[in-house]
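**Student:** Everything below, folded, please.
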Amino acid sequence: MTLARQWKTPARAMIAAAALFASTSPLPVQAQSAAPDVLTALRQRPPQDEVIYFLLPDRFANGDPSNDHGGYAPERLKSGFDPSDTDFYHGGDLAGVTQRLDYIQGLGATAVWLAPVFKNKPVQTHGNYTGAAHHGYWITDFTAVDPHFGDEAAMRALVEAAHARGMKVYLDIVANHTADVIRYRECPDRPCEYRSRADYPYTRRGGVDGAAINAGFDGRDFSRLTRPDYAYSPYVPAGEETAKVPAWLNDPIHYHNRGDSTFAGESSLDGDFAGLDDLLTEDPVVIQGMIDIFGGWIDKYGIDGYRIDTARHVNPEFWQAFIPAMLARARAKGIPNFHIFGEVYDPDPAVTARFTRADAYPAVLDFPFQKTAVDVASGKAGTDALAKLFAADAIYAKGAETAAILPTFLGNHDMGRVGFFVKQANPDADEAEVLARVKLAHALMMFSRGVPTLYYGDEQGFAGAGGYGHSRQDMFASQTAVYAAEQPIGGRQPAYSTEAPLYTAIAEMARIRAAEPALRRGRQVVRAAGDAPGLFALSRIDEAGGETLVLFNTSTAEVTAQVEVEPGSRRWQAVRGDCAAEASAPASYAVRIAPLDYLICKSTPQ
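**Tutor:** Residues are numbered from 1 along each chain as shown. I've put the predicted structure just below:
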């Protein structure tokens, strides 16, 4: 979840529209467990070997319509189910994901990242906005599966089915906040403004001139923090006293209680994210509580990795304790390559890299790559923007070693899809050019350093209108007017089509990546770049010194060039495209690349 997910009044399409895709019947699910050798091989794979597929269960596949209302009263504002509204539940669930694992694996994905599956408060109102927790970020019970998505058995079946196919399962987790339950007496009918630590210190009631409270509390000895009414007077409304699980989450003393974040200064850490109850993550009770919660999910299900939401809104000391505890818990479960990466929504690698140094993150989502790769593939930026981005890999905690496990991506559920960005940058482009540029963006992601992360539906050509809501299309037949009316990039296809142009293009890239170890693990060397659209070239060097050369043309004209290579790379073979069989001279290789296309050439042993 990011600052992009601000509460807002949704534009409601209340009419049932013609379905974008044809309906498909639910597929049977067979109980299965991974063979020991399959599970062992899966757990030995390093993160950089994966291709991640990120999906929102609510929007991916409805395997069990009986849970559409989640066991709540079948009323829109009680269950949150309204498949005509972009911001409400649409019916997708874990059973649906399990039924469609073959589709995901056929695309070439090796790991499935699920948006949060924990039990949520179904409907919330904040200011003028009312929406439902289809996204999963309004958690009340951190120990249970949300009933809209299934139950413990459905979760276990999904993990076991994925593991049986050699696929990993990553969970999206939240430690920054819970659902909005706590209220403040000072502002019952409006969002509360943030009140700072200086103006409202922990040791005074309601401001510096207030009565003394929490005597001796210095921010370290939390036994002295006994009253939560230093900034506001927080309380839990009647009927919600035990809404949260585990029970310690129901006590306001474990929250900052300072009002809404402005996403600047200290409020970025201590403020409520658009009203969501902001946990006091400095408190040892909160630290150990979260370790117990998410360690428990590893123990119970054998989860393979965590994407951590709102990482930048939590103090570094929390992560310094939490992350090593998760890695240790995973190792104890026999999961040595547990992949942890945090969401730090910022296009500046100096910002994202800090979290691998100060906060102990092994990796973070590569937002700088997202912006740069999309700008380059769209023709908005010269290819030297990528060269500058990769040069900054040195500032991550372990330099290129850390950069190798950064999940790279092109769009997501908050900012919008790559198809939207490409169209936005090229309003006069025809369909063929848009399709070519979106393919090229995926190639930049699939063959450069990092862990490629596909956003569900991009392979079907979804583009949307960007931002919150409009980038969360249903994969199944949609009753949401704006989704049903969309004309996908590459043309309309049946639901879950494996013949869609982008599906087949991405699947080809994934097959190449899987077959060529250098494209997953090889040391990256940028070979050519320029200040305008055109040639971008990089080599991936394997441990034995072999070289795989990847060449991109981001312009609409053919590119011919001499590209520097290793002096020993004399003979070459084509992995994709037309590659010269011999170097022109030691350390120089001639290339010809069609407009908006890419080549992959591999040196052969001498």
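**Student:** measure residue 67 to residue 58 for me?
**Tutor:** 11 Å (Cβ to Cβ, to the nearest Å). All C-beta atoms are positioned from the backbone trio N, CA, C, and that covers glycine.
**Student:** Residues that sit against both of these two, list them.
**Tutor:** By the contact definition Cβ atoms under 8 Å, 6 or more residues apart in numbering, residue 67 and residue 58 are jointly contacted by 93, 148-149.
**Student:** picking that back up, mind checking which of residue 67 and residue 58 has more residues around it?
**Tutor:** The neighbour comparison of residue 67 against residue 58 (other Cβ atoms under 10 Å) goes to residue 58, with 30 against 22.
**Student:** my read: the more buried one touches residue 87, true?
**Tutor:** No - between residue 58 and residue 87 there is no contact under Cβ atoms under 8 Å: 10.9 Å.
**Student:** Quickly list what's touching both of these two.
**Tutor:** With Cβ under 8 Å, 6+ apart, residue 58 and residue 87 have common neighbours residue 134.
**Student:** before we move on, the earlier item: mind putting the shared contacts of residue 67 and residue 58 in CSV, distance to residue 524 included?
**Tutor:** Listed next are the shared contacts of residue 67 and residue 58 as CSV, based on distance: Cβ to Cβ, whole Å:
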residue, distance to residue 524
93, 39
148, 42
149, 38
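**Student:** Which of the residues you listed sits closest to residue 343?
**Tutor:** Nearest to residue 343 among those, counting by Cβ to Cβ, is residue 149 at 20.7 Å.
**Student:** burial count for that closest one?
**Tutor:** Residue 149 - counted by other Cβ under 10 Å - has 31 other residues nearby.
**Student:** what's the helix or strand for it?
**Tutor:** Using DSSP states H and E, residue 149 sits in no helix or strand.
**Student:** how much space is there between it and residue 276?
**Tutor:** Taking Cβ to Cβ, one finds residue 149 at 20 Å from residue 276.
**Student:** again with residue 162
**Tutor:** 30 Å.
**Student:** Any regions of this structure where pLDDT drops low?
**Tutor:** The model of the chain has pLDDT under 70 over residues 1-31.
**Student:** Show me the helices in the stretch 301-450 of the chain, by range?
**Tutor:** Assignment of helices within the stretch 301-450 of the chain using DSSP state H, counting those that start in this stretch yields the ranges 316-332, 349-357, 367-378, 384-391, 400-403, 418-425, 431-447.
**Student:** packing partners for the fifth one?
**Tutor:** Pointing back at helix 400-403 there. Helices and strands touching helix 400-403, by 3 or more Cβ pairs under 8 Å, 6 or more residues apart in numbering; DSSP states H and E: there are none.
**Student:** how about that helix: buried residues?
**Tutor:** Residues of helix 400-403 classed as buried by neighbour count (16 or more other Cβ atoms under 10 Å): 402-403.
**Student:** and it, C-alpha only, in PDB?
**Tutor:** C-alpha atoms of helix 400-403 as PDB (Å, rounded to 0.1, in the frame of the first residue of the first chain):
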ATOM      1  CA  ALA A 400      25.400  -5.800  -7.100                       C
ATOM      2  CA  GLU A 401      24.600  -8.700  -4.900                       C
ATOM      3  CA  THR A 402      21.700  -6.900  -3.400                       C
ATOM      4  CA  ALA A 403      20.600  -5.400  -6.800                       C
END
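**Student:** Touching it from outside, list them.
**Tutor:** 356, 362-363, 390, 393-394, 396, 449-450, 523-524.
**Student:** export those to JSON lines and tack on distance to residue 346 and neighbour count?
**Tutor:** Putting the contacts of helix 400-403 into JSON lines (distance: Cβ to Cβ, whole Å; neighbours: other Cβ atoms under 10 Å) gives the following:
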{"residue": "356", "distance to residue 346": "13", "neighbour count": "23"}
{"residue": "362", "distance to residue 346": "18", "neighbour count": "21"}
{"residue": "363", "distance to residue 346": "15", "neighbour count": "26"}
{"residue": "390", "distance to residue 346": "17", "neighbour count": "23"}
{"residue": "393", "distance to residue 346": "16", "neighbour count": "20"}
{"residue": "394", "distance to residue 346": "18", "neighbour count": "12"}
{"residue": "396", "distance to residue 346": "14", "neighbour count": "24"}
{"residue": "449", "distance to residue 346": "19", "neighbour count": "23"}
{"residue": "450", "distance to residue 346": "16", "neighbour count": "23"}
{"residue": "523", "distance to residue 346": "26", "neighbour count": "14"}
{"residue": "524", "distance to residue 346": "22", "neighbour count": "21"}
